[in-house]
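Peer 1: missing the sequence, but the structure's below:
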């Protein structure tokens with residue numbers, strides 16, 4: 001008797017591949033990350049683990065909340081008052097001319113967040129960064145002066161350490177478009193080498209450790225941008241902005257964020273509040289410089305050990321995402337971490353925050369708590385932080401405790417698996433029907449949140465007492481009773 005398990009893990013990546021151009025920049029490395037101090041003790045001998053949440057709203061996908069001008073920032077503001085640390089990214093925290101300083105919020109670029117979630121990078125909180133400014137040579141003089149005035153204003157009025165700027169040796173020629181395959185915002189840079197040379201100059205000559213990039217993007221057509229200004233559609237600038245920051249972070253492993261250089265649009269009375277932050281001034285640079293000023297540094301595994309204080313993916317206690325945006329590297333990585341017994345972050349899917357994507361958590365075998373909105377998400381996190389089962393706060397949320405039975409053997413061999421998500425089970429053999437069905441039910445029940453289909457094929461002889469058709473029908477009947485399956489056949493069932 002044998003059970004064949006087919007494993008399938010779909011991956012979705014947005015990594016921009018290119019050769020390393022500058023090897024002189026050495027990233028901070030660590031061969032064995034030492035995590036930050038997990039516990040804090042007060043004078044009343046109360047010890048507790050620091051609680052860390054991650055808030056993700058992917059950019060350029062038309063998210064109802066977080067798809068416009070900093071409209072997910074209130075979510076982080078509220079959450080930061082509850083937990084010890086919030087990790088999020090520029091798409092959530094940037095609001096053009098507006099920003100909100102929060103000492104326990106870490107401003108992490110999207111590519112770096114993906115690397116962090118996969119356990120490849122760690123985050124090192126800092127008190128202050130030395131920020132360098134890169135200006136696209138394609139920016140007109142008036143816009144260039146406006147952006148330099150913003151940099152000076154943040155230095156004089158906010159005390160930020162924006163130390164030097166450089167103009168690229170060639171216009172970057174940034175292009176934006178919407179990907180016809182999936183409807184997401186995208187784009188390209190005609191001269192990425194010019195951008196990397198400018199960043200390299202600032203790192204080596206001005207000793208900066210964070211980079212703000214201002215690229216000249218095509219001005220929006222008023223009619224084409226009308227939906228976005230009314231709180232509908234997607235941010236067409238967002239995709240190429242992410243490509244620019246990804247390129248710099250992947251190459252140099254330091255914090256980076258992008259602000260577009262655009263001429264102001266004509267005044268409109270029909271403006272949705274979600275988009276209003278981008279109508280206040282001449283640049284989107286203030287929030288970028290503010291975020292980069294104390295963004296955590298990125299630590300890459302290497303040869304030298306690193307001191308205590310860095311934050312690892314294993315420190316994350318909860319992750320919050322839009323309900324249909326679970327296809328990105330960070331979401332999948334955090335979802336897979338639930339199979340590692342050392343840490344199991346609570347993953348929350350917010351149903352009210354819909355996007356143009358069709359990537360629900362079930363598609364990737366990720367077990368989540370579904371909530372209607374961010375109000376509920378913050379309530380669930382509050383319960384989780386307090387050590388309270390969130391389901392105990394719901395009517396009839398707690399059922400009778402189940403009994404775990406010892407898994408029987410088949411023909412003397414114990415059924416085992418590697419612990420990955422099982423999406424397909426195929427069985428054949430000669431064992432007794434009752435024993436076989438129990439083993440299948442046990443296996444399927446263990447992975448009920450991940451499994452989608454199970455096929456039962458009669459490939460070898462059963463004992464004369466049972467025939468293949470009878471076994472399959474009996475198995476389907478029991479599986480139907482257990483899982484409430486609506487689609488049954490003599491060969492397969494669908495777990496709905």
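Peer 2: Right, received. Where do you want to start? These numbers were taken from a predicted model, which means no experiment stands behind them. Numbering: from 1, shown residues only.
Peer 1: phi, psi of the nearest residue to residue 171 once chain neighbours are set aside?
Peer 2: Closest residue to residue 171 apart from its sequence neighbours, by Cβ to Cβ, 6 or more residues apart in numbering: residue 138 at 3.3 Å. Using the backbone N, CA and C atoms, a C-beta is placed for each residue, glycine as well. Main-chain dihedrals, residue 138, degrees, to the nearest 10: phi -80, psi 0.
Peer 1: what do you get for the one 3 residues further on?
Peer 2: Backbone torsions for residue 141, taken as degrees, to the nearest 10, come to phi -60, psi -40.
Peer 1: cool, residue 346 as well?
Peer 2: Dihedral angles for residue 346 - degrees, to the nearest 10 - are phi -80, psi 120.
Peer 1: doesn't residue 371 make contact with it?
Peer 2: No: with contact defined as Cβ atoms under 8 Å, residue 346 does not count as touching residue 371 (11.1 Å).
Peer 1: which neighbours do these two share?
Peer 2: By Cβ atoms under 8 Å, 6 or more residues apart in numbering, residue 346 and residue 371 have these common neighbours: residue 380.
Peer 1: those helices in this protein, which residues are they?
Peer 2: Using DSSP state H, the helices found in the chain span residues 73-80, 90-93, 110-117, 141-157, 192-206, 226-229, 238-252, 285-293, 329-336, 374-385, 433-446, 468-483.
Peer 1: with distance to residue 67 and mean neighbour count as extra columns, can I get those in a markdown table?
Peer 2: Below are these laid out as a markdown table (distance: least, Cβ to Cβ, whole Å; neighbours: other Cβ atoms under 10 Å):
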| stretch | distance to residue 67 | mean neighbour count |
| --- | --- | --- |
| helix 73-80 | 13 | 19 |
| helix 90-93 | 8 | 26 |
| helix 110-117 | 14 | 25 |
| helix 141-157 | 24 | 15 |
| helix 192-206 | 26 | 19 |
| helix 226-229 | 9 | 18 |
| helix 238-252 | 8 | 23 |
| helix 285-293 | 16 | 26 |
| helix 329-336 | 17 | 22 |
| helix 374-385 | 14 | 19 |
| helix 433-446 | 38 | 17 |
| helix 468-483 | 36 | 16 |
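Peer 1: redo these as JSON lines? Include mean pLDDT and distance to residue 217.
Peer 2: JSON lines is the format used below for the helices of the chain (pLDDT from 0 to 100; distance: least, Cβ to Cβ, whole Å):
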{"stretch": "helix 73-80", "mean pLDDT": "97", "distance to residue 217": "22"}
{"stretch": "helix 90-93", "mean pLDDT": "94", "distance to residue 217": "16"}
{"stretch": "helix 110-117", "mean pLDDT": "96", "distance to residue 217": "18"}
{"stretch": "helix 141-157", "mean pLDDT": "95", "distance to residue 217": "11"}
{"stretch": "helix 192-206", "mean pLDDT": "97", "distance to residue 217": "14"}
{"stretch": "helix 226-229", "mean pLDDT": "72", "distance to residue 217": "14"}
{"stretch": "helix 238-252", "mean pLDDT": "94", "distance to residue 217": "7"}
{"stretch": "helix 285-293", "mean pLDDT": "96", "distance to residue 217": "13"}
{"stretch": "helix 329-336", "mean pLDDT": "93", "distance to residue 217": "25"}
{"stretch": "helix 374-385", "mean pLDDT": "96", "distance to residue 217": "30"}
{"stretch": "helix 433-446", "mean pLDDT": "50", "distance to residue 217": "50"}
{"stretch": "helix 468-483", "mean pLDDT": "50", "distance to residue 217": "51"}
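Peer 1: out of these, which is closest to residue 395?
Peer 2: Checking those against residue 395 by Cβ to Cβ gives helix 374-385 as the closest, at 14.2 Å.
Peer 1: what angle separates the closest one from helix 73-80?
Peer 2: Here the directions of helix 374-385 and helix 73-80 differ by 20 degrees (axes from the mean of the first three to the mean of the last three Cα atoms, to 10 degrees).
Peer 1: and the closest residue to residue 125 other than its chain neighbours, what are its phi and psi?
Peer 2: Leaving aside its chain neighbours, residue 125 sits nearest to residue 296 (5.1 Å; criterion: Cβ to Cβ, 6+ apart). The phi/psi pair for residue 296 (degrees, to the nearest 10) reads phi -70, psi 150.
Peer 1: good, we can wrap up now.
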